[in-house]
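>>> Sharing a sequence plus its predicted fold:
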Amino acid sequence: MNWDVIEGNWKQFKGKFKEQWGKLTDDHIDRIEGKRDQLSGQIQESYGIGKDEAEKQIKDFEDRNKDYRP
């Protein structure tokens, strides 16, 4: 999945992100606004993981949702 699709349809993807990363609040998700680097940083902060692990999780999310159409 192209990240531009996610960014352009951020509101539709919010639920998917909350399913994947339940520690992220609505406020966190609203502030991220589809920006991948901000998502990575917030995942790192909320889950206490490193950048590489956060990026791996985001990549896995993209791969699992490649056919999802909001």
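Ah, there it is.

>>> Pull out the buried residues from stretch 21-30.
If you call a residue buried by 16 or more other CB atoms under 10 Å, then stretch 21-30 has these buried ones: 21, 24, 28-29. (Each C-beta comes from the backbone N, C-alpha and C, glycine too.)

>>> What about those, which are in helices?
Within these, residues falling in helices by DSSP state H are 28-29.

>>> State the mean pLDDT of stretch 8-25.
Stretch 8-25 carries an average pLDDT of 88.

>>> Restricting to C-alpha, output that stretch in PDB.
This file holds the C-alpha atoms of stretch 8-25, laid out as PDB (Å, rounded to 0.1, in the frame of the first residue of the first chain):
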ATOM      1  CA  GLY A   8      -5.100  11.000   2.000                       C
ATOM      2  CA  ASN A   9      -7.700   8.900   3.800                       C
ATOM      3  CA  TRP A  10      -6.500   9.300   7.300                       C
ATOM      4  CA  LYS A  11     -10.000   9.700   8.900                       C
ATOM      5  CA  GLN A  12     -11.100   6.400   7.300                       C
ATOM      6  CA  PHE A  13      -8.000   4.600   8.600                       C
ATOM      7  CA  LYS A  14      -8.200   5.900  12.100                       C
ATOM      8  CA  GLY A  15     -10.200   2.800  13.300                       C
ATOM      9  CA  LYS A  16      -7.600   0.500  11.700                       C
ATOM     10  CA  PHE A  17      -4.800   2.300  13.600                       C
ATOM     11  CA  LYS A  18      -6.700   2.100  16.900                       C
ATOM     12  CA  GLU A  19      -7.200  -1.700  16.400                       C
ATOM     13  CA  GLN A  20      -3.400  -2.100  15.700                       C
ATOM     14  CA  TRP A  21      -2.100   0.300  18.300                       C
ATOM     15  CA  GLY A  22      -4.700   0.500  21.100                       C
ATOM     16  CA  LYS A  23      -2.500   2.700  23.300                       C
ATOM     17  CA  LEU A  24      -2.800   5.600  20.900                       C
ATOM     18  CA  THR A  25      -5.600   7.900  21.900                       C
END
